[in-house]
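Engineer: Pasting the sequence and the predicted model now:
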Amino acid sequence: MAAERDAVDGIRADWAALRPELDTAPIDVVGRILRAARFLQQASEAWLAPAGLTRGEFDVLTQLRRAGHPLRPGDLTAGVVGSPAATTKRLHKLTSAGLVVRAADPADGRAALVELTGAGAELVDEVLPRQVDAERELVSVLDADQRAQLAVLLRTALLAWEPPEA
């Protein structure tokens, strides 16, 4: 019985027909990671929409909740996927929604600190268990050993690709 084929198999077959001399093996990994990331992002956005949040906004809130103290916007950018401009946009929305507050950094009046409000903390505490359950359901297509193996492989890659944490 032939193994099932996915979209990446089709992409590689197309390239093999068009450019048979080109080794497209990296697409097996990179293509699947990118496709999986896009799928997971879309699913996450759908789960968070009823709470009025995007995944990026939720990531900012959960980072503040885990830290337990105010953070500078640059620290928030470093801890989530996105640019400083994306962090600024997220912070404006979260501030308008009353989920975070910004204040001058007493150690550096030119810098700001962002702090989770009580409403922000409550929202994270309410939404996080549902988000984790939804993610658990998504990864249930893999058995426990496969999930553990995938986690180790992804950690290995990310340790090589990401800058070290401060």
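Structural biologist: Everything's here; your move. Numbering: from 1, shown residues only.

Engineer: drop to CA atoms for contacts and neighbour counts, all remaining ones
Structural biologist: Noted.

Engineer: Tell me how many other residues crowd the closest residue to Val80 other than its chain neighbours.
Structural biologist: Leaving aside its chain neighbours, Val80 sits nearest to Asp59 (6.4 Å; criterion: CA to CA, 6 or more residues apart in numbering). The number of residues packed near Asp59 is 18, by other CA atoms under 10 Å.

Engineer: Which helix or which strand is home to Asp59?
Structural biologist: Asp59 is part of helix 55-67 when elements are defined by DSSP states H and E.

Engineer: mind listing what's buried in the next helix or strand after that helix?
Structural biologist: For helix 55-67, the succeeding helix or strand toward the C-terminus, using DSSP H and E, is helix 73-79. Buried positions in helix 73-79, judged by neighbour count with 16 or more other CA atoms under 10 Å: 73, 75-77.

Engineer: could I get these as a markdown table with distance to Pro129 and pLDDT?
Structural biologist: Shown next, in a markdown table, are these (distance: CA to CA, whole Å; pLDDT from 0 to 100):
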| residue | distance to Pro129 | pLDDT |
| --- | --- | --- |
| Pro73 | 26 | 91 |
| Asp75 | 25 | 89 |
| Leu76 | 22 | 89 |
| Thr77 | 24 | 88 |
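
Engineer: Can you tell me which of the residues you listed is nearest Arg130?
Structural biologist: Leu76 (23.0 Å; CA to CA).

Engineer: residues in contact with the residue lying closest to the closest one once chain neighbours are set aside?
Structural biologist: Leaving out its chain neighbours, the residue that sits closest to Leu76 by CA to CA, 6+ apart is Val60, at 6.4 Å. Applying CA atoms under 8 Å, 6 or more residues apart in numbering, we find Val60 in contact with 76, 80, 90.

Engineer: could you point out which element follows the helix or strand of the chain with the lowest mean pLDDT?
Structural biologist: Least confident helix or strand, the chain: helix 73-79 with a mean of 87, by mean pLDDT, DSSP states H and E. Next helix or strand after helix 73-79 toward the C-terminus (DSSP H and E): helix 84-96.

Engineer: Averaged pLDDT, the next helix or strand after that next one. What do you get?
Structural biologist: Next along the chain after helix 84-96, taking DSSP H and E as the criterion, comes strand 100-105. Strand 100-105 shows a mean pLDDT of 92.

Engineer: Next, the angle from the helix or strand following strand 100-105 to helix 55-67.
Structural biologist: Once strand 100-105 ends, the next helix or strand along the chain (criterion: DSSP H and E) is strand 108-116. On the basis of axes from the mean of the first three to the mean of the last three CA atoms, to 10 degrees, strand 108-116 is oriented at 100 degrees to helix 55-67.
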